[in-house]
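Trainee: Task: produce atomic coordinates for the following.
(one chain, ligands or ions: 1)
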Amino acid sequence: MSTQTYSGSCHCQAVKFKVDLDLAGALQCNCSICSKLGAVWAFAPRAKLELQSGAESLGDYQFGKKRLHHRRCTHCGIETFAEGVAPDGTATVGVNLRCLKGVEVDKLTPKQYDGRSL
Ligand SMILES: [Zn+2]
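Mentor: Prediction:
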């Protein structure tokens, strides 16, 4: 696979964005939030995500070491992406692939990431 531009949104469409992602990097995580969310993630530099609407509807949930900002829509509750800083200092975004248009998440083979043991 290669990097492509995808459109995504939350359930109520308040939050809409475009993002450049390579779905070959898809992963699923077993940490306390991901196991409840059921999300499959792919990551990109934050600069590759363009928020088209909904900046005022983005909640900011943090827990544990507070390294990530979980961005849930304050209207419908769907977490479309999470923001953080990669170990090399790059502002990074993890995108919930289930929120992208035209992506069949069940046809991907995400790597399993052991976030629980961090
Ligand atoms: Zn929403």
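
Trainee: Then Lys65 would be within a helix, right?
Mentor: No. Assessed with DSSP: H, G, I helix; E, B strand; the rest coil, Lys65 is coil; it does not lie in a helix.

Trainee: how close does it get to the ion?
Mentor: The gap separating Lys65 from the ion is 27 Å, by CB to the ion, to the nearest Å. Where you see a C-beta, it was placed from the backbone N, CA and C, and this is true even at glycine.

Trainee: Which pLDDT value belongs to that residue?
Mentor: Confidence at Lys65, expressed as pLDDT, is 89.

Trainee: ok, it - how many residues close by?
Mentor: Look at Lys65: counted by other CB atoms under 10 Å, it has 7 neighbours.

Trainee: do the same with Thr80
Mentor: Neighbours of Thr80 (other CB under 10 Å): 28.

Trainee: what about the residue most central in space within the chain, helix or strand, and which?
Mentor: The residue lying closest to the centre of the chain (CA atoms, centre = their mean) is Val95, at 2.0 Å. For Val95, the host element (DSSP states H and E) is strand 91-96.

Trainee: gap between the next helix-or-strand element following that strand and the chain center?
Mentor: Scanning forward in sequence from strand 91-96 by DSSP H and E, the next helix or strand is strand 111-113. How far strand 111-113 lies from its chain's middle: 15 Å, per CA atoms, centre = their mean, to the nearest Å.
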